[in-house]
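**Student:** coordinates only, sequence not included:
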Ligand code: NDP
């Protein structure tokens, strides 16, 4: 590690002890940014890097609720408002038992750069709770969401902070959260995105992250004269991002052969077609079952407690969670001929795995660029809410496609090396940084 990065990281670790995912995210970004900042002293003098790694505000709160048995349950709620230099705070809510301060700070930090890359005026935030929606009744989920919003509503607002969904927070949860906000504030506004289409949502928002990551893959492949046509694709996860990535990859001629959940993965060498994807959507979104049921239904192989990266593929799309590809798995992917890794999830590859991809010279699209289509379309939902005028499916999809192309161009602009190799990590980090940094310099010490 560069000595300047080492020194900076020592400070970050001392100030944020035990927040390993946050350290990881900051290290990855500072490796790109520190050399860039050395060449641009105005950022150095204003201590932009030090300031950008410190949340503007962190809110942590108690969330008490009553379960169906009448027992009291207590969870912890968070909102990390990381940066508002270029727009209101914006970023998802995650409900998952692993949620803690360090994970949400990493996500909020990444969100600042991602939102800047979209070209839309959105600052960065993230929030959530250690609440586990799995195995809870609709009534319990509603009670939890109402209690969570009873505190969160003081800190958010359509001009202040606009949360959205993430792991464990889909249309159902956004509905309960929105209902409670509306009741507490007596206002119908665009305070959350990912809303239902009848009550202020945007067409294509549910599809946007998976579609956007697939459009980004198309752009990356095109730089090498390749396309998705005929490619074998390994996808992890089976939630929102994984489902719509599967849909779009298949539509564009690729063959998705794996999907997973936290218990294991299925391998279907024939490919997951429309009918099979409908089964997954019903299984995961309605019946809330396990991916193993796919293997039973279609007679395919199921690998308990394993991740899909051992399966030979041309393209890998990690769409589940952070640190789901380690060094060995990255090496296996490269050895098996994988030419492109595109991250629908946030920070799914460890730092060592990223090194393997970059050293192998394959196409590697980091999450903050590749999965920015979700928040970009949330931004489009905010625009439609402000105009009080919904756009058609085609219009939103076209805007999403253009935004993903623009993000790709930004990565090329800042990440193309003299030998022609496009380092998308560097491109996304510097490309996302410049706008926020300039705004911070202009706004003085705030
Ligand atoms: P969902 O909750 O819809 O799905 C998450 C999927 O990942 C599920 O299949 C889940 O399995 C699996 N998963 C979650 N945690 C783990 C874990 N610790 N180990 C193994 N598998 C796990 O979430 P999304 O699809 O919305 O999010 C997936 C990723 O994409 C996350 O990294 C998120 O931050 C990122 N993302 C999402 C955006 C969005 O618009 N939704 C936007 C940008 C990024 P199980 O059901 O067993 O928990």
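**Tutor:** Sure, I can see it. Predicted model, so just to flag it, every value in this text is computed and none were measured.
**Student:** Pull the contacting residues for the residue of the stretch 151-300 of the chain found nearest the ligand.
**Tutor:** Proximity to the ligand, evaluated over the stretch 151-300 of the chain using C-beta to the nearest ligand atom, is greatest for residue 239 at 1.8 Å. Placement of C-beta: from N, CA and C, glycine included. Contact analysis of residue 239 by C-beta atoms under 8 Å, 6 or more residues apart in numbering lists 167, 170, 284, 319, 320.
**Student:** The fourth one looks like it's in a helix, true?
**Tutor:** Think residue 319. No - using DSSP: H, G, I helix; E, B strand; the rest coil, the secondary structure at residue 319 is coil, not a helix.
**Student:** What average pLDDT does the longest helix seen in the chain get?
**Tutor:** When the chain is parsed with DSSP state H, its longest helix is helix 393-415. In this model, helix 393-415 has a mean pLDDT of 98.
**Student:** what do you get for stretch 337-356?
**Tutor:** 98.
**Student:** what separates the residue most central in space within the chain from residue 208, distance-wise?
**Tutor:** When C-alpha atoms, centre = their mean is applied to the chain, the residue found nearest the centroid is residue 346 (4.4 Å). Distance, residue 346 to residue 208, by C-beta to C-beta, to the nearest Å: 15 Å.
**Student:** Residue 248 too?
**Tutor:** For residue 248, the distance to residue 208 (C-beta to C-beta) stands at 10 Å.
**Student:** Looking at the two, which one has more neighbours?
**Tutor:** Neighbours per residue (other C-beta atoms under 10 Å) separate residue 248 from residue 208, with residue 208 holding more: 31 against 20.
**Student:** Tell me which residues touch that one, please.
**Tutor:** Counting by C-beta under 8 Å, 6+ apart, residue 208 makes contact with 244, 373, 374, 376, 377, 378, 400.
**Student:** Wait, a helix at it?
**Tutor:** Yes - looking at residue 208 with three-state DSSP, it is inside a helix.
**Student:** For the remainder of this discussion, apply numbering that starts at 47.
**Tutor:** OK, 47 is where the count begins now, so the last one is residue 254.
**Student:** Now it. Nearest residue, chain neighbours left out?
**Tutor:** Of all residues not flanking residue 254 in the chain, residue 423 sits nearest, at 3.5 Å (C-beta to C-beta, 6 or more residues apart in numbering).
**Student:** other SSEs contacting the strand or helix carrying the one you found?
**Tutor:** Residue 423 is part of helix 419-433 when elements are defined by DSSP states H and E. The contact analysis (3 or more C-beta pairs under 8 Å, 6 or more residues apart in numbering; DSSP states H and E) places helix 419-433 against strand 135-141, helix 147-163, strand 207-210, helix 251-268, helix 439-461.
**Student:** Can you give me the buried ones in the fourth one?
**Tutor:** It refers to helix 251-268. Using 16 or more other C-beta atoms under 10 Å as the test for burial, helix 251-268 gives 251-267.
**Student:** Using neighbour counts, pick out the buried residues of the host helix or strand of residue 191.
**Tutor:** According to DSSP H and E, residue 191 maps onto helix 184-198. Neighbour-count burial for helix 184-198, counted by 16+ other C-beta under 10 Å, picks out 186, 187, 188, 189, 190, 191, 192, 193, 194, 195, 196, 198.
**Student:** and the stretch 347-492 of the chain, which of its residues are near the ligand?
**Tutor:** Contact residues, the stretch 347-492 of the chain versus the ligand (C-beta under 6 Å from any ligand atom): 365, 366, 367, 390, 391, 392, 417, 420.
**Student:** How about the contacts made by the nearest residue to residue 283 once chain neighbours are set aside?
**Tutor:** Leaving aside its sequence neighbours, residue 283 sits nearest to residue 366 (C-beta to C-beta, 6+ apart; 3.4 Å). Residue 366 makes contact with 282, 283, 285, 288, 306, 307, 308, 391, 394 under the criterion C-beta under 8 Å, 6+ apart.
**Student:** Specify which member of the residues of the stretch 347-492 of the chain next to the ligand is nearest to residue 182.
**Tutor:** Compare each of these with residue 182 using C-beta to C-beta and the shortest gap goes to residue 367, at 19.6 Å.
**Student:** Make sure residue 275 is indeed in a helix.
**Tutor:** No - checked against three-state DSSP, residue 275 lies outside a helix; its state is coil.
**Student:** okay but it is in contact with residue 301, surely?
**Tutor:** No - look at residue 275 against residue 301 with C-beta atoms under 8 Å: they stay out of range, at 10.0 Å.
**Student:** Between the two, which is the more surrounded one?
**Tutor:** Neighbours were counted for residue 275 and for residue 301 using other C-beta under 10 Å; residue 301 has more, 20 against 9.
**Student:** For that one, give me phi and psi.
**Tutor:** Dihedral pair for residue 301: phi -120, psi 110, per degrees, to the nearest 10.
**Student:** bridging residues for it?
**Tutor:** residue 278 (DSSP bridges).
**Student:** and the top strand by length along the chain, what other elements does it pack with?
**Tutor:** As assigned by DSSP state E, the longest strand anywhere in the chain is strand 118-129. Packing partners of strand 118-129 (3+ C-beta pairs under 8 Å, 6+ apart): strand 103-112, strand 135-141, helix 147-163, strand 170-175, helix 184-198, strand 207-210.
**Student:** and that strand, which residues are buried?
**Tutor:** Going by 16+ other C-beta under 10 Å, strand 118-129 has these buried residues: 119, 121, 123, 124, 125, 126, 127, 128, 129.
**Student:** Kindly report the same for stretch 283-297.
**Tutor:** In stretch 283-297, counting by 16+ other C-beta under 10 Å, buried: 283-296.
**Student:** distance of residue 368 from residue 56?
**Tutor:** 23 Å.
**Student:** and these two? which has more neighbours close in?
**Tutor:** residue 368 (21 against 10).
**Student:** which residue sits closest to that one in space, ignoring its chain neighbours?
**Tutor:** residue 393 (4.5 Å).
**Student:** same thing with residue 100?
**Tutor:** Nearest to residue 100 is residue 61, by C-beta to C-beta, 6+ apart, at 8.0 Å.
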